[in-house]
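Student: sequence and computational prediction follow.
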Amino acid sequence: MLPRYFTDSPWAKAPGPDYAAFPATMNGCDSSRFLVRWRAVNDNSQLVASYVDAVGTPGMQVTGNAGWMDLDQCHTPAFQLLENADGSTLTDVTITVQQYIPAP
């Protein structure tokens, strides 16, 4: 199952490891890191990628159809579909999440 993003929608959060809810918290930000790689299935799609905090405030925003993010545990990756050159109003996105946890 691929996440689907639409035009004119609010920030849609990405799923976390194993497509469960992304494990972002307000506390313990330093307890793990995430490498999130993403790519729009439709090469004509332009997404706005960002990360959101616990209250949904977006951080730095990048536009493109592929990229990556290095996040702490206090942020969740989120996307908005900017436009599709072919006129469609949605796109699927492949997302890979690697979680890094410090050794005890």
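Tutor: Structure's in. What do you need?
Student: any idea where the strands of the protein begin and end?
Tutor: 4-6, 12-13, 33-40, 45-52, 62-64, 66-72, 76-84, 90-100 (DSSP state E).
Student: give the buried residues for the longest one.
Tutor: For strand 90-100, the neighbour count (16 or more other CB atoms under 10 Å) marks 91, 93, 95, 97 as buried. C-beta here means a position set from N, CA and C on the backbone, and glycine is covered the same way.
Student: what do you get for the first one?
Tutor: Under the neighbour-count criterion of 16+ other CB under 10 Å, strand 4-6 has residue 5 buried.
Student: partners of it, with directions?
Tutor: Paired strands of strand 4-6, with direction, are strand 90-100 (antiparallel) (DSSP bridges).
Student: how about the strand it pairs with as CSV, C-alpha atoms only?
Tutor: Taking Å, rounded to 0.1, in the frame of the first residue of the first chain, the C-alpha atoms of strand 90-100 are listed here in CSV:
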residue,chain,number,x,y,z
LEU,A,90,-3.3,12.9,-6.8
THR,A,91,-0.1,10.8,-6.7
ASP,A,92,1.2,7.8,-4.9
VAL,A,93,4.6,8.1,-3.1
THR,A,94,7.1,5.4,-2.2
ILE,A,95,8.5,6.0,1.2
THR,A,96,11.3,4.1,2.9
VAL,A,97,12.0,4.7,6.6
GLN,A,98,15.2,3.6,8.4
GLN,A,99,15.2,4.0,12.2
TYR,A,100,18.5,4.4,14.1
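Student: tell me how far it lies from the chain's centre.
Tutor: In terms of CA atoms, centre = their mean, to the nearest Å, the gap separating the centre of strand 90-100 from the centre of its chain is 7 Å.
Student: repeat for stretch 82-94
Tutor: That offset, for stretch 82-94, works out to 15 Å (CA atoms, centre = their mean).
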